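1. The following block contains a protein sequence and its predicted model.
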Amino acid sequence: MHLGNLLTRAANLHGDLPALIRGDVVVADHTALARRAAGLAHGLRHHLGLIPGSRVAVAMSNDPAYVEILFACWRAGLAAVPVNAKLHAREIAYILEHSGAAVVFTDGKLAATVGMAAGAITSAPRILSVDDADYARLVARDPLAQAPVSPHDLAWLFYTSGTTGRPKGAMLTHANLLAMTACHLIDVDPVLPGDRVLHAAPMSHGSGLYIIPHVAQAAGQIIPESRGFEPEELVRLFDRHRRVSMFAAPTMVHRFIHHPAVADSDDPLPGLKTIIYGGAPMYLADKTAALARLGPRLAQIYGQGESPMTITALGRDAHLQPDDEAGRARLASAGPAQWLVDVSVVDESGRPLPVGETGEVTAAGPSVMAGYWRDPDATARTLRDGRLFTGDMGALDAQGYLTLKDRSKDVIISGGSNIYPREVEEVLLDHPAVAEVSVIGAADADWGEVVVAFVVADGEGIDAAALDRLCLDRIARFKRPKRYVFVDALPKNNYGKVLKTALRTRLAEGVDERPGQPSA
Ligand code: AMP
């Protein structure tokens, strides 16, 4: 079994259902998509001369062509290397060189950056823009028959977002992505033929992975005209189309529900089926606000490039929890293991911990990557005894719901006690005047580390004393921030993840915008 089958099957069963949609306009049904992917597969193998297993990079903005390029690769027995379109030319060069890509697809907008990246490396890949006539000619070639592919062949080389250090290439096989697809359809968001998925988040990451379950079910892929996240455009699209799902980072959900077009609407988003959020913590206060505005149309995934979108899930029904302590804990959690995944929480020597105790989250199952590309040391550190060591800290409850704390490297150790920044962040975010917050540890001669909170205020009238009082009411004294730094924005990477390393550097360099001290 391999990914190419999914498109062939969808075209056979539902050839006339829309497959690629730009805004409101259907640009291909499933028959046409399968035909174009097979033509491009032919072009890649016989015109460009790629051999099975070659890597094909895709460094472009969201575009309907993304879908046909991925499936062309899989039909031709090649591996795709999606590259975040917002990266710097130097970062793109690193990925092109490290992956050894033979070809890179780009678009008119990014062609110059990609050209610069390719020019900086010794074995430059061939560059093809989907906006050029050459691309149209490749797609129009005779269809290639499906190349022989084993489930263990590389399908997608997924470069991690690299919040610390160089990105690593997680090797995702056909079997990995099929496991992700099955889990998605069962645990995260069931999809029917004719449904839609809307790609407002980058197709090089989570949103792009969701191309696969939607092709599998002959659902249409909507690419907004803006190619990204524009709340007003999304509101219009959720009115035009029906049964639409969308993957969004928690920061996008926050912005979306507070945008006047959503916040002030009487009939919010009639076409929205599910917003699937994940990739970073979504705080309880944000989940509650999103549920109040959208109703039970939210699903959460917890995954990482190494087990893409597939470790645990909190489905739509699981968002309907009683408003008591246990219910709130469930809602704050990342849900139970997805059905093909075995999740455990282990101590420092890798032994499973009892219910309720916090340790490193590990996962095993068919969605877990084959290893890191050309990095056996990192592979050996991360995959041990058949388990993926995620680097995330968490605790399981008696029913297997996983509450995530933090990345292990973000845990603060102050006076010998572990402090999980997320716990402090959850409390601070409950203050109505706090828009965003990130808590880190700062080196301290007496305590080892002390807690520092970077706060983005939502309007005026907030000070350190008020936040300190809130913490005193809700968490142990030793967990309270010793210092608040009020900032206009938090540093984030291209996927919207807060860069705690950048905050640490900022503190170490003594950059201190509008500092505040707790009163006591
Ligand atoms: P990436 O490999 O770039 O997708 O990043 C994966 C990391 O994002 C995980 O290891 C977690 O630290 C974080 N993450 C992913 N999903 C969630 C979630 N639902 N809640 C909290 N953190 C998450």
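-> Cool, the structure landed. Numbers count the residues shown, from 1 in each chain.
2. Look up how far the ligand lies from the nearest residue to Leu331 once chain neighbours are set aside.
-> Once flanking residues are discounted, Leu331 sits nearest to Gln321: 4.7 Å by CB to CB, 6 or more residues apart in numbering. C-beta: built from backbone N, CA, C; applies to glycine. Gln321 sits 16 Å away from the ligand, going by CB to the nearest ligand atom, to the nearest Å.
3. Which residue, other than its chain neighbours, is closest to Thr8?
-> Excluding the flanking residues, the one nearest Thr8 by CB to CB, 6+ apart is Ala34, at 6.3 Å.
4. The one you found is in contact with Asn5, isn't it?
-> No. Using CB atoms under 8 Å, Ala34 is not in contact with Asn5, being 11.1 Å away.
5. Comparing these two, which residue is more hemmed in?
-> Set side by side, Ala34 and Asn5 show more neighbours around Ala34, with 25 against 16, by other CB atoms under 10 Å.
6. Which residues are in contact with that one?
-> Leu7, Thr8, Ala10, Ala11, Gly15, Phe71 (CB atoms under 8 Å, 6 or more residues apart in numbering).
7. Adding secondary structure, write those residues out as a markdown table.
-> Shown next, in a markdown table, are those (DSSP: H, G, I helix; E, B strand; the rest coil):
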| residue | secondary structure |
| --- | --- |
| Leu7 | helix |
| Thr8 | helix |
| Ala10 | helix |
| Ala11 | helix |
| Gly15 | coil |
| Phe71 | helix |
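8. And these, which is closest to Met1?
-> Among the contacts of Ala34, Thr8 lies closest to Met1 (CB to CB), at 11.8 Å.
9. number of nearby residues for that closest one?
-> Should you count by other CB under 10 Å, Thr8 turns out to have 16 residues around it.
10. before we move on, what about Gly169?
-> Gly169: 24 neighbours (other CB under 10 Å).
11. Would you check that it makes contact with Ala101?
-> No. Using CB under 8 Å, Gly169 is not in contact with Ala101, being 10.8 Å away.
12. what sits in contact with each of the two?
-> By CB under 8 Å, 6+ apart, the residues touching both Gly169 and Ala101 are Val81, Ile95.
13. Tell me what Thr173 is bridged to.
-> Leu154 (DSSP bridges).
14. Tell me which two of the contacts of Ala34 sit farthest apart.
-> Across the contacts of Ala34, the longest distance by CB to CB is 14.6 Å; it joins Gly15 and Phe71.
15. more crowded one of those two?
-> Applying other CB under 10 Å to Gly15 and Phe71 shows that Phe71 carries more neighbours, namely 26 against 16.
16. distance of that one from Ala216?
-> 11 Å (CB to CB, to the nearest Å).
17. With Leu198 instead?
-> 17 Å.
18. Mind checking which of these two has more residues around it?
-> Leu198 (26 against 20).
19. ok, the more buried one - contacts?
-> Applying CB under 8 Å, 6+ apart, the residues contacting Leu198 are Ile222, Pro224, Leu234, Leu237, Phe238, His241, Val244, Ser245, Met246.
20. can you name the two of those residues that are farthest apart?
-> Across those (CB to CB), the longest gap, 14.2 Å, separates Pro224 and Ser245.
21. Those two: which has the busier surroundings?
-> Counted by other CB under 10 Å, Pro224 and Ser245 do not tie: Ser245 has more neighbours, with 24 against 19.
22. Can you give me the pLDDT of the more buried one?
-> Predicted confidence (pLDDT) for Ser245: 98.
23. Whatever helix or strand it lives in near the ligand anywhere?
-> Assigned by DSSP states H and E, Ser245 belongs to strand 244-248. No. With CB under 6 Å from any ligand atom as the measure, strand 244-248 is seen stopping short of the ligand, the closest distance being 11.3 Å.
24. ok now that strand, how far from the chain's centre?
-> Chain-centre distance of strand 244-248: 12 Å, with CA atoms, centre = their mean, to the nearest Å.
25. what packs against the helix or strand following that strand?
-> Once strand 244-248 ends, the next helix or strand along the chain (criterion: DSSP H and E) is helix 250-258. If contacts are counted by 3 or more CB pairs under 8 Å, 6 or more residues apart in numbering; DSSP states H and E, helix 250-258 sits against helix 231-240, strand 272-278, helix 284-294.
26. Buried residues in helix 250-258, which are they?
-> For helix 250-258, burial by neighbour count (16 or more other CB atoms under 10 Å) applies to Pro250, Thr251, Met252, Val253, His254, Phe256, Ile257, His258.
27. contacts with the ligand among those residues, please.
-> Among the buried residues of helix 250-258, none lies close to the ligand by the criterion of CB under 6 Å from any ligand atom.
28. For the stretch 301-450 of the chain, which segments are assigned as helices?
-> Shown for the stretch 301-450 of the chain, the helices assigned by DSSP state H, counting those that start in this stretch span residues 325-332, 376-382, 421-429.
29. what mean pLDDT does the second one have?
-> So the one you mean is helix 376-382. pLDDT averaged over helix 376-382 gives 96.
30. Out of the buried residues of helix 250-258, which one has the lowest pLDDT?
-> Out of the buried residues of helix 250-258, that is Thr251, at 86.
31. shouldn't that one be in contact with Lys492?
-> Yes. Using CB under 8 Å, Thr251 is in contact with Lys492, at 7.2 Å.
32. Can you tell me the SS state at the residue nearest to Thr8?
-> Ala34 ends up helix, using three-state DSSP.
33. and the nearest residue to Gly327 once chain neighbours are set aside, how many neighbours does it have?
-> For Gly327, ignoring the flanking residues on the chain, the nearest one in space by CB to CB, 6+ apart is Gln321 at 3.5 Å. By other CB under 10 Å, the residues close to Gln321 number 17.
34. what sits against Gln321?
-> Gln321 touches Gly327, Arg328, Arg330, Leu331, counting by CB under 8 Å, 6+ apart.
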